[in-house]
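Novice: Predicted model and sequence below, questions to follow.
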Protein chains: 2
Amino acid sequence: MSAKTAKAEDDVAGLKKEVAKAAAELIENDSVVGLGSGSTANYFIEFLGERVRKEKLGIVGVPTSRASEEAAKRFGIMLCALDECERVDIAVDGADLIDAKLNLLKGYGGAHVREKIVAAAAKRFVVIADYTKRCRAISLPVPVEVLPFGLRLAEKKLAELGGKPALRMKEGRAFVSDNGNFILDADFGEIKSVKKMEEKINSIPGVIDNGLFPFEDFSQLEVYIAGKDGVERLRRR
Amino acid sequence: MSAKTAKAEDDVAGLKKEVAKAAAELIENDSVVGLGSGSTANYFIEFLGERVRKEKLGIVGVPTSRASEEAAKRFGIMLCALDECERVDIAVDGADLIDAKLNLLKGYGGAHVREKIVAAAAKRFVVIADYTKRCRAISLPVPVEVLPFGLRLAEKKLAELGGKPALRMKEGRAFVSDNGNFILDADFGEIKSVKKMEEKINSIPGVIDNGLFPFEDFSQLEVYIAGKDGVERLRRR
């Protein structure tokens, strides 16, 4: 890695912390908080734990993955399973891409199914990211979680939809999600209609869910982006 | 039960056997055959096993449930997991309802997710039923398989789509599918557009799949119906 690249990565890590801290400041006493997964969400969990400790903030966290559950425990956040919560007041999570319409692409950490469930259950859904995640249109591969039983069929059907699916691997074996399923990363090039593609992929028998979060389905979405000039807040009107 | 009702049930069982036998006659040597679940599919497995035994028919079965796997073993049919098959030549399965357009409703046995995967993978999809399964439009509750993590959200979203979801129970506990998930039976009354409803339900985060089989997705479908005048074969042109 060149000195310049290392400097840029340090800058991005700094921006992730900045936006995570801004989101942690949003959390009110007595809230039920969805805890996202990934590096930026982890900073959020850390800052939130700090507030719990220092300010005796009374909150309960709803984890979206085993990893976020462990992070929450490490930083002293009380936890509650989604099915045992009366409500989720706010969910805070990262994203892999955010397009100009505020469609999201998630799932590069493999937790998008539970992340989408918690986000959809939350009254307020705050996505936090650094500026490198913004894009004009979504054109990276879409993570698709699929029952092992339906793997071959899903590969075939994703190809029929114009995608190039690749089975996600980890340490020489198929990656297994927290739900016990496989993930196909399906490259569609640039996606014209995120909502339609999301529905088409989810209609493939054996597919659990995919990493596309259409803006139409998340009217409560707020996006916080950290860049050179501080944290910018984006909403659809 | 009145003598008349008992007689009617006997008649229906006879029709199930008749149509199952007709489907078993369709199977050619060297076929890979999807084996459906439920009472009519069980008769099919029995008749197919008879042909394997008597005619030394060389076939391999792909089960859609633990129940159909056990039935196939009992009747001497060699088995292959879906992911290990090069192809599925023909899938034979029952249905809970068949409407005038040949949309299907399945899943009253709780196996619709794997049944849909095998049907979609098959070159030929033969549905066998007695005439009591035909209807003008689908208006019985739709079985929806959902991750335990997403149960509450799915209940809420199904209600937003106009459905009345009820958690399927068995022996005083929540019914658990072969995939380890729960089933919500969602009553929508009469469903106007099966394809649209199928996609909307599948777009709920945490939903695996539902029991609606839109005719548009199964162009290879043939429906065999047994009635008073023998077995009728239906296809969309």
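Specialist: Thanks, I have it.

Novice: residues from chain A in reach of chain B?
Specialist: With Cβ under 8 Å from any Cβ of the partner chain as the criterion, chain A meets chain B at residues A:81-83, A:113-114, A:116-117, A:119-121, A:147-153, A:156-157, A:179-180, A:198-200, A:202-209, A:217. Where C-beta positions appear, they are placed from N, C-alpha and C, glycine not excepted.

Novice: Could you tell me which of those residues are located in strands?
Specialist: Counting by DSSP state E, those place A:Val207, A:Ile208, A:Asp209 in strands.

Novice: Any idea what the last one is bridged to?
Specialist: It stands for A:Asp209. Beta bridges link A:Asp209 to A:Glu145, judged by DSSP bridges.

Novice: Would you mind measuring from it to A:Val113?
Specialist: 5 Å (Cβ to Cβ, to the nearest Å).

Novice: Need the overlap of contacts for the two.
Specialist: A:Glu145, B:Pro205, B:Gly206 (Cβ atoms under 8 Å, 6 or more residues apart in numbering or on different chains).

Novice: circling back to that earlier point, could I get the ones in strands among the residues of chain A next to chain B as a markdown table with neighbour count, distance to A:Lys164 and pLDDT?
Specialist: As requested, those are exported to a markdown table (neighbours: other Cβ atoms under 10 Å in any protein chain shown; distance: Cβ to Cβ, whole Å; pLDDT from 0 to 100):
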| residue | neighbour count | distance to A:Lys164 | pLDDT |
| --- | --- | --- | --- |
| A:Val207 | 25 | 16 | 96 |
| A:Ile208 | 31 | 20 | 96 |
| A:Asp209 | 30 | 20 | 96 |
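
Novice: which among these gets closest to B:Val126?
Specialist: Of all those, the one with the least separation from B:Val126 (Cβ to Cβ) is A:Val207, at 24.5 Å.

Novice: so who does the closest residue to that closest one other than its chain neighbours touch?
Specialist: Leaving aside its sequence neighbours, A:Val207 sits nearest to A:Val146 (Cβ to Cβ, 6 or more residues apart in numbering or on different chains; 5.3 Å). Going by Cβ under 8 Å, 6+ apart, A:Val146 touches A:Ala154, A:Asn181, A:Phe182, A:Ile183, A:Leu184, A:Ile204, A:Gly206, A:Val207, A:Ile208.

Novice: Show me which residues of stretch A:60-71 are buried.
Specialist: Buried residues in stretch A:60-71, counted by 16 or more other Cβ atoms under 10 Å in any protein chain shown: A:Val60, A:Gly61, A:Val62, A:Pro63, A:Thr64, A:Ser65, A:Ala67, A:Ser68, A:Glu69, A:Ala71.

Novice: Look up phi and psi at the first one.
Specialist: Geometry field for A:Val60 lists phi and psi as phi -130, psi 130, criterion degrees, to the nearest 10.

Novice: contacting residues for the closest residue in space to A:Phe175 that isn't next to it in sequence?
Specialist: The shortest distance from A:Phe175 to any non-neighbouring residue, by Cβ to Cβ, 6+ apart, is to A:Arg168 (4.2 Å). A:Arg168 makes contact with A:Gly110, A:Pro143, A:Ala174, A:Phe175, A:Phe182, A:Ile183, A:Leu184, A:Asp185, according to Cβ under 8 Å, 6+ apart.
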